[in-house]
Each structure stands twice: as C-alpha cells, then as structure tokens.
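A.B. asks: Provided below are the primary sequence and the corresponding predicted coordinates.
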Amino acid sequence: MRKALIAAGGLTLTLTMGACGVGDGKYQDTASLVRAASASTAKEKSVAFTVSMRLGPIAMTGEGANSYADGEDPRSWVTMTFDMSSVGMGLGTMEFEGRQLGDDFYLRMPTDLPGLPSDPDRPWYKTSLPELLSSTGIKVDQYLKSSDPGTMLDMLKESGELVDTETGVSIGGRTTTKYSFEVDFDEVMKNFGTSMQDLPALAEVDLDAVPVDVYLDERDLPVRLNVDMREVVDAIMDSAGGQQNLPPGMSFDEAYARTDFTEWGVEVDVEPPPADQISDQPLPGAGG
C-alpha cells in the first residue's frame, strides 16, 4: 500500500494534457496550452503551495514551497499533518516535515510512530533523493523535472485526454479556467521512468483513466490541480479482494488529492536541521 500511495502521489504533481479541444476555454488544443503555461512558470522559478488529500479514513493537509530554477540548486520544504484517528489501531494525528537541498533530503518523523525506532531529541533523518526514490522506480532526473509545473506539463502532455473546459471558476478569490482531463495512470508512471508493472502494489491493478482537473489563471499559471483518486483506490481495493474486507464502518468512497498553487516567484529559504537533531540511523523504509 505504501508504494501504491507513493505512485498515486506522483500523479498529484502531474498536470497531464490530452489532444482534443472542448468547451469555451482560452485554449482549444493542448500544445498551445502547454506552451503558454510552461512559459509562464519558467519566468517565476518558484512557487508556494498548499496540499490536501483524502483517502477514505486517512486525511492529510500541508503546505510548502519549491524552487525549480532551471533545475539548478533545487530547494523545497513541506510540512504535512496526517489524521489517522478514523483508522483506529491507536493511530491519531501525525506531523511530518521534509526539506530538500540539492540531492540531500531531510525528513522529520513523529517520535511516537508505532514500530519506528525514535529518539525525541533526534527526530530528523537524512537521506538522498536516489535512496528515497529507489523503492518507487521513479528516476531522480524525472522527479526534479517534475518540480517545475511547466516542464511537467510539457513532459507529460500525451498522457491524457482533454474532455471539458469551464471559464469563470473562482478559486480562493482568483478567476480561473478549469480544464478537465482523463489521464492514463500508467503513462504518467512511464514519464517518471517507471510503470505500474514495476510496482508490486500496482502490477495486478486494472486501472482505467483517472479524472484530473487543472485550473489556470489569466496569466496561464496553475492555480489548482485536483486528482479524483476514487478510480485508483477502487482498483487497488479490488486487487486486494474488495472493500468488503475492510473493518466495519471503514470506507474509501471519498478519495482525492489536491494542490493549490498560492504564490509564484517566492523566496525559498531552506536550511538543514541542526546536526545534533539528525538521527544516526537510516531512514526507515528508504531504499526498499
């Protein structure tokens, strides 16, 4: 399940575009839209964002910022809060924090996470992007390219089909155009250098197209990316025997992943954690 959710998370950052123009949007073909959005994000070089996700009883909210200036000196930070209280098993609210500086990645883990060797005085773990991504099959260079939403658009534009557009949609007080797509999940993974067949949790999953909504403002900058995850979750559940095997009262009927791009061209200041707060143990689960 962990690897499946990582793969699904990759889709959260994937703005994939198809070939046919529909509706009353500003752009009626994908190539024009991608060129405009890529040019707009390239000028900004950084973005702040908020994220939210719901996978049945599991809820996550977070915020962060990312610098993607031509792939040089990539920096990012993110904080995430997972609400696991509805899952039971003694789980509650857990907070994580991640910081990326180049190839170095630091992750602050909850010190009360069941089964995790923890030292309250050393809650941070240090790893590298290659090690962090090794269990997902995602290539580092593709991952770094995807940190620029514009580059990501261009890289993955053949993975989906544009099915609808809607103008005048308000997101956080900003007027946007909503572009709706049906996205081929396996094609998304291939653009990251992997595929569903490479991930044991997804190898036997029969997955149809995934609905993705992208909202662009008048400057052709992404404002929101919303991924309807119900198809993904249903396919994973079916491969595991169906939702009838879930504990009573537990359901995955609600499933989505959403990113709101709140400010472009921001300063992204990231520092490594203090050395005396970094664990001398390897990151649990990294590399396998």
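C.D. replies: Looks like it came in fine.
A.B. asks: Low-confidence stretches in the stretch 151-288 of the chain?
C.D. replies: 151-158, 188-206, 238-251, 285-288 (pLDDT under 70).
A.B. asks: doesn't S128 make contact with L107?
C.D. replies: No: the pair formed by L107 and S128 falls short of the contact definition of Cβ atoms under 8 Å, at 11.5 Å. (Glycine included, C-beta is placed from N, CA and C.)
A.B. asks: Looking at these two, which one has more neighbours?
C.D. replies: Taking L107 and S128 together and counting by other Cβ atoms under 10 Å, L107 has the greater number of neighbours (21 against 16).
A.B. asks: Okay, now the sheet partners of whichever strand or helix holds that one, with direction.
C.D. replies: Taking DSSP states H and E as the definition, L107 sits inside strand 104-108. Paired neighbours of strand 104-108 in the sheet (DSSP bridges): strand 93-101 (antiparallel), strand 124-128 (antiparallel).
A.B. asks: what is the mean pLDDT for the last one?
C.D. replies: Pointing back at strand 124-128 there. Looking at strand 124-128 alone, the average pLDDT works out to 91.
A.B. asks: Following the chain onward from it, which element is next?
C.D. replies: Read in the C-terminal direction, the helix or strand following strand 124-128 is helix 129-133, with elements assigned using DSSP H and E.
A.B. asks: What is that following helix packed up against?
C.D. replies: Contact here means 3 or more Cβ pairs under 8 Å, 6 or more residues apart in numbering; DSSP states H and E; on that basis helix 129-133 packs against strand 104-108, helix 140-145.
A.B. asks: Could the C-alpha coordinates of the shortest one be exported in CSV?
C.D. replies: I take that to be strand 104-108. The C-alpha coordinates for strand 104-108 follow below in CSV (Å, rounded to 0.1, in the frame of the first residue of the first chain):
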residue,chain,number,x,y,z
ASP,A,104,20.0,15.8,0.1
PHE,A,105,16.7,15.2,1.7
TYR,A,106,15.8,15.6,5.4
LEU,A,107,12.6,14.1,6.9
ARG,A,108,11.3,14.8,10.4
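A.B. asks: List the buried residues for the longest helix belonging to the chain?
C.D. replies: Of all the elements of type helix in the chain, the one with the most residues (DSSP state H) is helix 30-44. By neighbour count on 16 or more other Cβ atoms under 10 Å, the buried set for helix 30-44 is 30, 33-38, 40-41, 44.
A.B. asks: Thanks again, I'm all set now.
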